[in-house]
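Trainee: Below are the sequence and a predicted model; questions follow.
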Number of protein chains: 2
Amino acid sequence: MKKVEERINFRRLKNTIDKSAEIGEIPGNGLKRLALSDEDKEMRDLFKSWMEETGLSVRIDDFGNMYGRREGKRDLAPVLIGSHLDTQPRGGRFDGILGVLTALEVVRTLNDYHIETARPIEIINFTNEEGARFEPPMMASGGLAGIFEKEFVYSRVDRTGKSFEDELKRIGYDGLQENRIKDFFAFLELHIEQGPVLESENISIGGVEGIQGMNWREITVTGEADHAGPTPMHLRKDALAAASKMMSVIEETAIKYGVTATVGRLSVTPDVANCVPGEVVFSLDVRHMDNDLRMKTLEKMIDEMEKVALERNVSFEVENLWDSETTLFNEKLRNLIMETAEKYGYTSKSIPSGAGHDAKYMNELGPTAMIFLPSVNGKSHDVSELTLDEDIEKGANVLFGVIKRLANDEMKL
Amino acid sequence: MKKVEERINFRRLKNTIDKSAEIGEIPGNGLKRLALSDEDKEMRDLFKSWMEETGLSVRIDDFGNMYGRREGKRDLAPVLIGSHLDTQPRGGRFDGILGVLTALEVVRTLNDYHIETARPIEIINFTNEEGARFEPPMMASGGLAGIFEKEFVYSRVDRTGKSFEDELKRIGYDGLQENRIKDFFAFLELHIEQGPVLESENISIGGVEGIQGMNWREITVTGEADHAGPTPMHLRKDALAAASKMMSVIEETAIKYGVTATVGRLSVTPDVANCVPGEVVFSLDVRHMDNDLRMKTLEKMIDEMEKVALERNVSFEVENLWDSETTLFNEKLRNLIMETAEKYGYTSKSIPSGAGHDAKYMNELGPTAMIFLPSVNGKSHDVSELTLDEDIEKGANVLFGVIKRLANDEMKL
């Protein structure tokens, strides 16, 4: 006889999501809840009260990360679950938030079923994942992982000149360094996909392979600015016409080698209707899980762009803006996610993450995995962001199943 | 025996050009002499003194246009010669200025040779041809031709809120409406080419066919903004990738049909490196002397762009910004220019003007022609603008020969 899996209480989970969606609400069902703002404080206070009501012991570390701990039967490293409650300026109600509130729901469900676990369980709300107010993003998880120094994090300022440190103190979430998580058995982050893959393939649960490595380049094409009227086509060195051809070869090369490549930012000088463009600067963002393939494809793109530049007698420069190697999450944890989805009868698949998450830095500290849920139309960082109730419920059940197993089992990661 | 043609005094002409180049001088041999500025006033005062010393009777009209009249032996419509003394903010020492100073040199040379003419000769300096301070350009010639109402011209304001009328009065060049030129036998404007054609073909004198008609369109491509990481290539609606293909078909179509087409201005939304562009807006400037060919090529471009939009599932809108029909100058005058060049032994060819000039509006009032001189590297509206001494000398000789003929001859235009 097939064992019936325990299930989370979706009505309760939905209620917490709705309550969260009232704090920082903006038109179109969106949220503006920038890190360390009044809205962030209000959400934190509410979340703290929820954790306390759930019997968790709450602590805050010096980056403002919030923890809620449920003791285990044995003195073992905890299972850590969570994400972030801050949003983009015109963000949605799910990005990050789902990972924190489903973590709370997992603990509440364990309580419902009076399940004690061998390992402690800790919930975490990371400070300033979005980086929308204080750059860079994933600041507090990066702080925990030693990627960013505490002094660096504290000194970050927003556009009005207010510092991270002052704002952290202002909202009363400047905790103790000794409260930082030091050791964990596994970290699990549930998150919306922020892309269209799961939805377009009608899959409910994504077991995330890791975070794609990424290369950012800035391309400068220099031709010659000329009056659009008197300069015949064959005597032009049109930087934008050349850049157009370059963008086409970028796209063709990306498709040929199976990487994703984006020209997202482009500026024209002098940018006047009756002037042949003299200079064009554009960004190139290339991503893929396979570091070698990605770098080789990028080289190929640059070779092809150089050919275009030569043909058109324009000059061409490439600047390295940023390189980030691929992060590979723990495979056993991913398999556990897929098995658990199967137990519940949900469709699942392994997918890469194109975007960064706190899990990227937590992966430096210990075994880490992510669960992705479908995003309607692939939207995120926008008020139109949406993950359907049934997918949230499925995701929370899988997270519950995974955590129950991890907190009780002797499995080695 | 071949008659030796009279010649202008190049040393004297060069001296006036150098003197002019001291007023509003900016680094790099450039000039900043915006219409109705203190520098414009200083130049006007100097030019007025030069005209008076040359025996011309000076008058100013209500647009601030300056005239210098040399009487003829008979009561006939005058031959009008001139251009403008104002410049772009980072302009050169030749654009417009050559047309005014060679006109003065023509009269001085007639005086040198004690040549009396049947027709009166009038020199003109048009106010605010550039439109760099008060838009639109060619404002005072447009006023003379009835294209712009006096009230409209007077009410134009610069970026600091100062009006044309106030500034005209401030510099003391608010003359009388009755001083406007009413009737002329022919108008001749000598000007730098502002393009590379004459220089690249090693031709000294351009006989200008007219001013190319022009169509300005604004194209809006709307795709879908998505996160660059998680959105696979095949699920994107990338507005910039589509616009790139459109710019390629614009270029190909322009070359195929022999028109000039320029995408000079382009903006991307949201213009962020890690975001697939959701919207791109760009300008399209299409020019050719043949109105039919130009319009048909433009339609063809739009058809081809629409195909790209369909293939890529992005939407596509075209807005009409501006349409200007081709201006055809007087053919007899052009032939006279070419014959005169031949007499002096100079190379010449007929070429269209891709840019607008005061001659465009004067053509509405009477027989009009232009002489183009080579621009080094095709540059203008920039401090690097340069026309070589030998070309200036040749141009001034041709202008002299043409004016002498027109002012004495019974030729019908």
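Mentor: The structure has been received and is ready for your questions.
Trainee: Can you list the buried residues in stretch A:208-228?
Mentor: A:208-219, A:221-228 (16 or more other C-beta atoms under 10 Å in any protein chain shown). Placement of C-beta: from N, CA and C, glycine included.
Trainee: Please name the residues that touch the spatially most central residue of chain A.
Mentor: In chain A, the residue lying closest to the centroid (C-alpha atoms, centre = their mean) is residue A:357, at 3.3 Å. For residue A:357, the contacting residues are A:83, A:129, A:138, A:189, A:191, A:211, A:370, by C-beta atoms under 8 Å, 6 or more residues apart in numbering or on different chains.
Trainee: Tell me the one of the residues you listed nearest chain B?
Mentor: Nearest to chain B among the contacts of residue A:357, counting by C-beta to the nearest C-beta, is residue A:211 at 8.5 Å.
Trainee: that older thread, which of the contacts of residue A:357 fall in strands?
Mentor: A:83, A:189, A:191, A:211, A:370 (DSSP state E).
Trainee: For residue A:403, see how far away the first one is.
Mentor: Meaning residue A:83. Computed with C-beta to C-beta, to the nearest Å, the distance linking residue A:83 and residue A:403 is 14 Å.
Trainee: Report the two of the ones in strands among the contacts of residue A:357 separated the most.
Mentor: By the measure C-beta to C-beta, A:83 and A:211 form the most distant pair in the ones in strands among the contacts of residue A:357, at 14.2 Å.
Trainee: Could you pull out the strands in the stretch 1-150 of chain A for me?
Mentor: Ranges of strands in the stretch 1-150 of chain A, per DSSP state E, counting those that start in this stretch, are A:25-26, A:30-31, A:57-60, A:66-70, A:79-84, A:121-126.
Trainee: Could you export those as a markdown table, including distance to chain B and mean pLDDT?
Mentor: Listed next are the strands of the stretch 1-150 of chain A as a markdown table, based on distance: least, C-beta to the nearest C-beta, whole Å; pLDDT from 0 to 100:
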| stretch | distance to chain B | mean pLDDT |
| --- | --- | --- |
| strand A:25-26 | 17 | 96 |
| strand A:30-31 | 15 | 96 |
| strand A:57-60 | 31 | 98 |
| strand A:66-70 | 27 | 98 |
| strand A:79-84 | 16 | 98 |
| strand A:121-126 | 19 | 98 |
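Trainee: between the ones you listed, which gets nearest to residue B:20?
Mentor: Among these, the nearest to residue B:20 by C-beta to C-beta is strand A:25-26 (59.3 Å).
Trainee: and that closest one, which strands flank it?
Mentor: Note on strand A:25-26: by DSSP bridges, its sheet partners are strand A:30-31 (antiparallel).
Trainee: Report the distance from the strand it pairs with to the chain centre.
Mentor: 17 Å (C-alpha atoms, centre = their mean, to the nearest Å).
Trainee: Could you export the strands of the stretch 1-150 of chain A as JSON lines, including mean neighbour count and distance to residue A:248?
Mentor: Shown next, in JSON lines, are the strands of the stretch 1-150 of chain A (neighbours: other C-beta atoms under 10 Å in any protein chain shown; distance: least, C-beta to C-beta, whole Å):
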{"stretch": "strand A:25-26", "mean neighbour count": "15", "distance to residue A:248": "38"}
{"stretch": "strand A:30-31", "mean neighbour count": "24", "distance to residue A:248": "35"}
{"stretch": "strand A:57-60", "mean neighbour count": "17", "distance to residue A:248": "51"}
{"stretch": "strand A:66-70", "mean neighbour count": "23", "distance to residue A:248": "48"}
{"stretch": "strand A:79-84", "mean neighbour count": "28", "distance to residue A:248": "38"}
{"stretch": "strand A:121-126", "mean neighbour count": "28", "distance to residue A:248": "40"}
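Trainee: As JSON lines, those with distance to residue B:116 would be great.
Mentor: JSON lines is the format used below for the strands of the stretch 1-150 of chain A (distance: least, C-beta to C-beta, whole Å):
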{"stretch": "strand A:25-26", "distance to residue B:116": "81"}
{"stretch": "strand A:30-31", "distance to residue B:116": "82"}
{"stretch": "strand A:57-60", "distance to residue B:116": "99"}
{"stretch": "strand A:66-70", "distance to residue B:116": "98"}
{"stretch": "strand A:79-84", "distance to residue B:116": "91"}
{"stretch": "strand A:121-126", "distance to residue B:116": "93"}
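Trainee: Compare these and give me the one nearest residue B:305.
Mentor: Each of these has some distance to residue B:305 by C-beta to C-beta; the shortest is strand A:30-31, at 33.9 Å.
Trainee: Show me the contact partners of the closest one.
Mentor: Strand A:30-31 has contacts (C-beta under 8 Å, 6+ apart) with A:21, A:23-25, A:87, A:90-93, A:382-385.
Trainee: What score does residue A:272 have for pLDDT?
Mentor: Note on residue A:272: pLDDT of 87.
Trainee: May I have the secondary structure class of it?
Mentor: The assignment at residue A:272 comes out as coil when based on DSSP: H, G, I helix; E, B strand; the rest coil.
Trainee: I figured it hits residue B:264, correct?
Mentor: Yes - with contact defined as C-beta atoms under 8 Å, residue A:272 counts as touching residue B:264 (5.4 Å).
Trainee: Looking at the two now, which is surrounded by more residues?
Mentor: With neighbours defined as other C-beta atoms under 10 Å in any protein chain shown, residue A:272 and residue B:264 compare such that residue B:264 has more, 22 against 17.
Trainee: check contacts around that one.
Mentor: Residues counted as contacts of residue B:264 (C-beta under 8 Å, 6+ apart) are A:228, A:240, A:268, A:270-277, B:283, B:285.
Trainee: now swap in residue A:390 and tell me
Mentor: Contacts of residue A:390 by C-beta under 8 Å, 6+ apart are residue A:204.
Trainee: Would you check that residue A:142 makes contact with residue A:359?
Mentor: No - Residue A:142 is beyond contact range of residue A:359, at 11.8 Å (criterion: C-beta under 8 Å).
Trainee: which neighbours do the two share?
Mentor: Common neighbours of residue A:142 and residue A:359 are not found (criterion: C-beta under 8 Å, 6+ apart).
Trainee: show me where chain A has helices.
Mentor: Under the criterion DSSP state H, helices of chain A are mapped to A:10-20, A:38-53, A:97-112, A:139-144, A:150-155, A:164-170, A:197-200, A:239-257, A:291-312, A:331-344, A:358-362, A:389-408.
Trainee: Rounded mean pLDDT for the fifth one, please.
Mentor: On average, the pLDDT along helix A:150-155 is 98.
Trainee: can you tell me how far the nearest residue to residue A:332 once chain neighbours are set aside sits from chain B?
Mentor: Closest residue to residue A:332 apart from its sequence neighbours, by C-beta to C-beta, 6 or more residues apart in numbering or on different chains: residue A:413 at 5.4 Å. According to C-beta to the nearest C-beta, to the nearest Å, residue A:413 stands 26 Å off from chain B.
Trainee: pLDDT score assigned to residue A:413?
Mentor: pLDDT, the model's per-residue confidence, is 89 for residue A:413.
Trainee: Give me the neighbour count for it.
Mentor: Count around residue A:413 with other C-beta under 10 Å applied: 14.
Trainee: Quick one: residues contacting it.
Mentor: Residues near residue A:413 by C-beta under 8 Å, 6+ apart: A:185, A:186, A:330, A:332, A:333, A:367.
Trainee: Any stretches of chain A with poor pLDDT?
Mentor: Across chain A, the ranges flagged by pLDDT under 70 are A:1-4.
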